[in-house]
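**Student:** Could you look at this predicted model? Sequence included:
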Amino acid sequence: MQYKKIKPKKLYEQVADIIEQQIINKEILPGEKLDSVEQLAKHFEVGRSAIREALTSLQAKGFVEIRHGEGTFVRKLGAEDIQLLIPSALIFDKEQIKNIFEIRKILELGLIENAAKFRTEEHLEVLYNTLQVMEKSVFDANTSGEADILFHHTISEAANNPLLVTMLQNVSNTIAQQIIQTRELLSYSERGALLQLHQEHVDIFKALQEQDSLQASNVMKKHLLHVESLLFNHLENK
């Protein structure tokens with residue numbers, strides 16, 4: 001087996017990583033002004049060019065704002081920035097995935113009751129068409145997985161809360177690949193589980209169609225617990 005060589009991080013990347021972690025850990029607070037380039041260079045014992053590159057990198061990622069003539073300030077992160085606080089999918093461990101899925105459960109269970117109240121005929125049409133795709137491709141992990149994501153995204157839109165829609169989309173996108181991989185494994189080993197997942201989506205659709213908030217919440221909770229069980233059984237067997 002051949003292995004890729006590990007490339008050492010450049011100085012500015014190391015500096016940016018440290019400042020980024022301090023922002024995430026709230027050691028540096030939103031609105032706070034960072035030390036000057038000269039002060040940071042002295043603190044990190046690097047050249048000023050490395051500090052400037054680090055700050056430019058952090059601005060591109062959305063963590064700071066560079067105001068010419070004033071200095072560099074930590075941005076206040078909104079719901080649309082939640083992906084900044086979630087580690088890259090490439091470095092996930094099982095505990096992180098569990099935590100992120102827990103966020104998804106909280107968001108979806110909070111959205112579903114409003115979705116039942118405020119859904120429109122247009123939302124129902126999208127959900128119905130998505131169910132048709134899921135049914136025809138139930139054993140095709142990529143197609144059914146993408147349809148699954150669209151189904152849940154449409155429900156979040158029906159809840160009529162744009163900030164929660166953005167938060168759920170970011171969280172769902174973060175673990176989408178793990179869910180698709182789980183579907184792929186099930187298509188070989190447990191096809192009955194995939195059929196059950198499809199039926200759960202049908203049950204959610206019916207509850208939304210009838211505008212039954214309580215039933216919608218119950219079937220969504222049952223569905224998410226089932227997905228959680230399948231996902232983490234897959235991760236445990238990796």
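**Tutor:** Received the coordinates, thanks. Note that this is a predicted model, so its numbers are computed, not measured.
**Student:** residue closest to the middle of the protein?
**Tutor:** The geometric centre of the chain, computed from its C-alpha atoms, lies nearest to residue 171 (CA atoms, centre = their mean), at 1.9 Å.
**Student:** Beyond the host helix or strand of that residue, next helix or strand please.
**Tutor:** When secondary structure is defined using DSSP states H and E, the element that contains residue 171 is helix 162-189. Tracing the chain C-terminally past helix 162-189 and defining elements by DSSP H and E, one meets helix 191-209 next.
**Student:** The lowest-mean-pLDDT helix or strand in the chain packs against which elements?
**Tutor:** Least confident helix or strand of the chain, by mean pLDDT, DSSP states H and E, is helix 162-189 with a mean of 78. Under the contact criterion of 3 or more CB pairs under 8 Å, 6 or more residues apart in numbering; DSSP states H and E, the helices and strands touching helix 162-189 comprise helix 94-118, helix 141-158, helix 191-209, helix 213-236. The C-beta positions use only the backbone N, C-alpha and C, and glycine is treated the same way.
**Student:** mind listing what's buried in the second one?
**Tutor:** What it means is helix 141-158. 141, 143-158 (16 or more other CB atoms under 10 Å).
**Student:** same thing with stretch 171-187?
**Tutor:** 171-172, 174-175, 178-187.
**Student:** cool, stretch 62-69 as well?
**Tutor:** By neighbour count, with 16+ other CB under 10 Å as the criterion, the buried positions of stretch 62-69 are 63-64.
**Student:** Could you give the average pLDDT over that stretch?
**Tutor:** Across stretch 62-69, pLDDT averages out at 87.
**Student:** who's in contact with residue 148?
**Tutor:** Residues counted as contacts of residue 148 (CB atoms under 8 Å, 6 or more residues apart in numbering) are 134, 179, 183, 197, 201.
**Student:** and if we set it to 10 Å?
**Tutor:** Going by CB atoms under 10 Å, 6 or more residues apart in numbering, residue 148 touches 130, 133-134, 141, 172, 176, 179-180, 183, 197-198, 201, 227.
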